[in-house]
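**Q** Show me how the following folds:
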Amino acid sequence: MMPEIKLLSSCETDYNSDLHSWIDIERQIRNLAECGFTHTQWMQNWQGEYLYSPSEMFQARDILRDYNINAHSIHASEGGVRTKTVNGKVIYDNRYRFTDIRKDYTSKNEYARLAGVDLLKNRIDLCTHIGASVMVLHMQLPFMLFEEQPEEKDIYYRQVMKSFDEIKDYAVASGVRIALENLICTPQKYQEEQFDMFFDRYPSEFLGFCWDSGHATLMCRENHYHFLEKYISRLYATHLQDNESITDELLYAADPVDADYNVLKYDRHWIPNVDGKLDRGIIDWDYVASFIAKAPIDLPADFEIMLSSDRELEWLKVCHREAEEFYKKVLEKKGLLS
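**A** Residues are numbered from 1 along each chain as shown. I've put the predicted structure just below:
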């Protein structure tokens, strides 16, 4: 007879928006605890140039401890806010370099690049304060710039490698692994080239992968699970969410503004429909669980959802139910639960 196993569950801290006030942040964490979650991914300030002071890092640690929530991962900031409004449409701007970011670890400007390194080190410090061992990171690929000016690709990757070379020892000494996330609004081939290059260059104790299931359904057109399958040995974090994907007509709209608007619109961040009771979503969660069970990831896998303030606690409890169901699926795949 197998011993009784405690069910674990994780949902990110900004499930209903990236709130800045510590009062609001504590309320979100309290809600996670009240709904039964055991873990979280710290998501506050995942974009922008905000630097946590040491006292704030202790504050984050103590709030998590007060509610008995384990933050086993965080989401770092790439240094800027990519969303903007064009002709009344909110889009995600990443086709070209974003030159007004002051702290950008990919920047051609050395001062801005070094400031971006400082920002990443700040988030590594946050990890050590709150007990997180994984830091999720975006690496935006200005793919249209690469296509129009091929020499810019070499410059871009050279700058990123300089930044990673400068933070590698700092991260490893801190016991923090960086997990590059698969993104929206960037064609699959460019992301795959990026992952292959960096996973070949850097050791697994420093660099790995974060699989965002919703982003994958939008950008991996032939096989939504391609990145999950290919990079399973480097899988250190997840953003598990669901959606209905997107049609080719909307994804490849002739106007780039329309195309990027459509992708952002369909990045739903629905609660994963693990038990089949939610009547929406397209992801095969049993198949996903079979891979999570084989990955070098600290369980539970992180859910990343978006809820409105309307019926917030009601839906957060539903999310907790689905997260526990997914955890059970993973344990079953591992042979730890029958």
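
**Q** show me where pLDDT drops low in this structure?
**A** For the chain, applying pLDDT under 70 flags the ranges 1-3.

**Q** how about the strands in it?
**A** 39-42, 70-75, 83-86, 89-92, 134-137, 177-181, 207-212, 235-239 (DSSP state E).

**Q** got those strands as JSON lines, with distance to Asp298 and mean neighbour count columns?
**A** To be clear about C-beta, it is placed using only N, CA and C from the backbone, and glycine gets the same treatment. As requested, the strands of the chain are exported to JSON lines (distance: least, C-beta to C-beta, whole Å; neighbours: other C-beta atoms under 10 Å):
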{"stretch": "strand 39-42", "distance to Asp298": "9", "mean neighbour count": "26"}
{"stretch": "strand 70-75", "distance to Asp298": "5", "mean neighbour count": "26"}
{"stretch": "strand 83-86", "distance to Asp298": "30", "mean neighbour count": "12"}
{"stretch": "strand 89-92", "distance to Asp298": "29", "mean neighbour count": "17"}
{"stretch": "strand 134-137", "distance to Asp298": "7", "mean neighbour count": "24"}
{"stretch": "strand 177-181", "distance to Asp298": "10", "mean neighbour count": "23"}
{"stretch": "strand 207-212", "distance to Asp298": "12", "mean neighbour count": "26"}
{"stretch": "strand 235-239", "distance to Asp298": "8", "mean neighbour count": "26"}
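
**Q** Let's have those in a markdown table, adding distance to Gly116.
**A** What follows is these, written out as a markdown table (distance: least, C-beta to C-beta, whole Å):
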| stretch | distance to Gly116 |
| --- | --- |
| strand 39-42 | 19 |
| strand 70-75 | 16 |
| strand 83-86 | 19 |
| strand 89-92 | 19 |
| strand 134-137 | 11 |
| strand 177-181 | 13 |
| strand 207-212 | 16 |
| strand 235-239 | 20 |
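
**Q** And these: which comes nearest His226?
**A** strand 207-212 (10.2 Å; C-beta to C-beta).

**Q** who does the closest one pair up with?
**A** Using DSSP bridges, strand 207-212 pairs in its sheet with strand 177-181 (parallel), strand 235-239 (parallel).

**Q** Show me the one of these that comes nearest Glu151.
**A** Nearest to Glu151, of the strands paired with strand 207-212 and by C-beta to C-beta, is strand 177-181 at 23.5 Å.

**Q** Need the residues that contact the closest one.
**A** 73, 76, 133-139, 171, 194-195, 198, 204-212, 215, 236-237, 239 (C-beta atoms under 8 Å, 6 or more residues apart in numbering).

**Q** Bridged to Ala179, which residues?
**A** Here Ala179, judged by DSSP bridges, has bridge partners Val136, Gly208.

**Q** quick revisit: quick one: the strands paired with strand 207-212 as a markdown table, columns for distance to Tyr96 too.
**A** Output for the strands paired with strand 207-212, formatted as a markdown table (distance: least, C-beta to C-beta, whole Å):
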| stretch | distance to Tyr96 |
| --- | --- |
| strand 177-181 | 20 |
| strand 235-239 | 25 |
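
**Q** Of all those strands, which one is nearest Glu325?
**A** strand 235-239 (15.1 Å).
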